[in-house]
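Asker: pasting the structure only:
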Ligand SMILES: [Zn+2]
């Protein structure tokens, strides 16, 4: 490709996409940053990276000019969410290689909000957070949806009403939860604050360029900072407004590791209708609700963990945590949904054990009507399932385990 090939926005769709696998391969061959650094090594002001939980970590190098642009972009977007100078922003996320926390901090500071980079992930830290929140009274929160729900749970155990923290705006990224209607409602009810969804990918920092405004009608695409096309995942041609596809992102401002058509692998639907805020950016009305690769196909049905979560959160008696286990028995896929019930259900079940049967049946029926297959529902006592202070990993796929074990068994099927 040559710069002459780009005359109009329509020309962009003819450019090939770059994938995360391409970036990883390039960095493996030319460590640490690959040949797409595009600034001098001496101009690198910050180095970040991925945690590498799903493969080799990726290294991000950001120049000082870019860091300023990132702060400016995030300040604009946080303003759109309703933050103002004089607000205090409580950042309850990991301060590590993870870019999310630092990007939110840069934006908060640029906006001239007071920032409290509290962090997360240290054992016992959430109980300490409850005390700090009551004493410092921040007006805004940044973190992951699963952490906010965990914080509400810990506060409850300390006999503190999360509404007493006094948050007005809660900004989320890192997980799809804040875009899932039932989870959004649950967070808003627990904290009495506006739950605002945001986030694209670390590679695309300023990652806040997908972000809801204060009216919360789905994430706007801030096209003047990062240009996003929602594309057919096979051809990478943009799909029509109203249709589903995968976001493909192009940096307009970055000079360090700028991306031209980075394929996200996420799934979303985009629309171009008006918004009450007056912004004319397209929107993702349901947020980013899945990934091309974590959508589970079970007996021919496409199943998103976010859809299961949405159903569970509407069911009275649901204890707040769940896990999906997919297994293959005798070549037949089975979905087991492990669901925690609440403390009130546990109390009732002591004298009326049929309470659990009724709850199990209600969950299985509801899930079947939404996801198309009837899962095996296994009820778990409150507090049984692993809690996360960061990204929830709620899908366990055991099918590969089954396939590997039959392949290594002489005379086994397949
Ligand atoms: Zn808006």
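Answerer: It's in. All values derive from a computational prediction rather than experimental measurement. Numbering: from 1, shown residues only.

Asker: Which residues of the protein lie near the ion?
Answerer: For the chain, the residues in contact with the ion (CB under 5 Å from the ion) are 213, 215, 275, 277, 279. From N, CA and C alone the C-beta is placed, and that goes for glycine too.

Asker: And the residue lying closest to the third one once chain neighbours are set aside, how far from residue 209?
Answerer: Right, residue 275. Nearest non-adjacent residue to residue 275, counting by CB to CB, 6 or more residues apart in numbering: residue 217, 5.5 Å away. Applying CB to CB, to the nearest Å, the value for residue 217 to residue 209 is 17 Å.

Asker: Name the residue in these two with the higher neighbour count.
Answerer: Using other CB atoms under 10 Å, the more surrounded residue of residue 217 and residue 209 is residue 209, with 29 against 17.

Asker: Does the more buried one touch residue 226 like I think?
Answerer: Yes. With contacts counted by CB atoms under 8 Å, residue 209 reaches residue 226, the gap being 4.1 Å.

Asker: Find residues that contact each of those two.
Answerer: residue 200 (CB atoms under 8 Å, 6 or more residues apart in numbering).

Asker: now do the same end-to-end measure for stretch 85-97.
Answerer: 27 Å (CA to CA, to the nearest Å).

Asker: er, stretch 254-269 actually
Answerer: So stretch 254-269: terminal residues 26 Å apart, CA to CA.

Asker: name the element residue 273 belongs to?
Answerer: Under the criterion DSSP states H and E, no helix or strand holds residue 273.

Asker: nearest spatial neighbour of it, skipping sequence neighbours?
Answerer: residue 283 (7.2 Å).

Asker: show me the contacts for the one you found.
Answerer: 217, 218, 219, 220, 221, 270, 271, 272, 273, 275.

Asker: And it, how far from residue 11?
Answerer: 24 Å.

Asker: quick one, strands of the stretch 51-200 of the chain?
Answerer: 59-63, 88-91, 114-116, 140-143, 169-172, 194-197 (DSSP state E, counting those that start in this stretch).

Asker: Residue 256: which of the ones you listed is closest?
Answerer: Nearest to residue 256 among those is strand 59-63 (4.1 Å), distances taken as CB to CB.

Asker: Number of residues surrounding the residue in the stretch 301-414 of the chain that the ion sits nearest to?
Answerer: Going by CB to the ion, the ion is nearest to residue 306 of the stretch 301-414 of the chain, at 21.9 Å. Residues near residue 306, counting by other CB under 10 Å, number 23.

Asker: ok so, going back, need the max-distance pair from the residues of the chain next to the ion.
Answerer: Taking CB to CB as the measure, those have their most distant pair in 215 and 279, spaced 9.5 Å apart.

Asker: how's this structure carved up into domains?
Answerer: 3-291, 296-407 (automatic domain parsing).

Asker: Highest mean neighbour count out of these?
Answerer: domain 3-291 (a mean of 19; mean count of other CB atoms under 10 Å).

Asker: what's the residue lying closest to residue 233 once chain neighbours are set aside in contact with, if anything?
Answerer: With sequence-adjacent residues excluded and distances taken as CB to CB, 6+ apart, residue 233 is closest to residue 246, at 4.6 Å. By CB under 8 Å, 6+ apart, the residues touching residue 246 are 230, 231, 232, 233, 263, 264, 265, 266, 267, 268, 292.

Asker: let's go with 6 Å and repeat that
Answerer: 231, 233, 266 (CB atoms under 6 Å, 6 or more residues apart in numbering).

Asker: Do you know the pLDDT at the closest residue to residue 312 other than its chain neighbours?
Answerer: The shortest distance from residue 312 to any non-neighbouring residue, by CB to CB, 6+ apart, is to residue 318 (4.9 Å). On pLDDT, residue 318 comes in at 95.

Asker: That's all I had, so thanks and see you.
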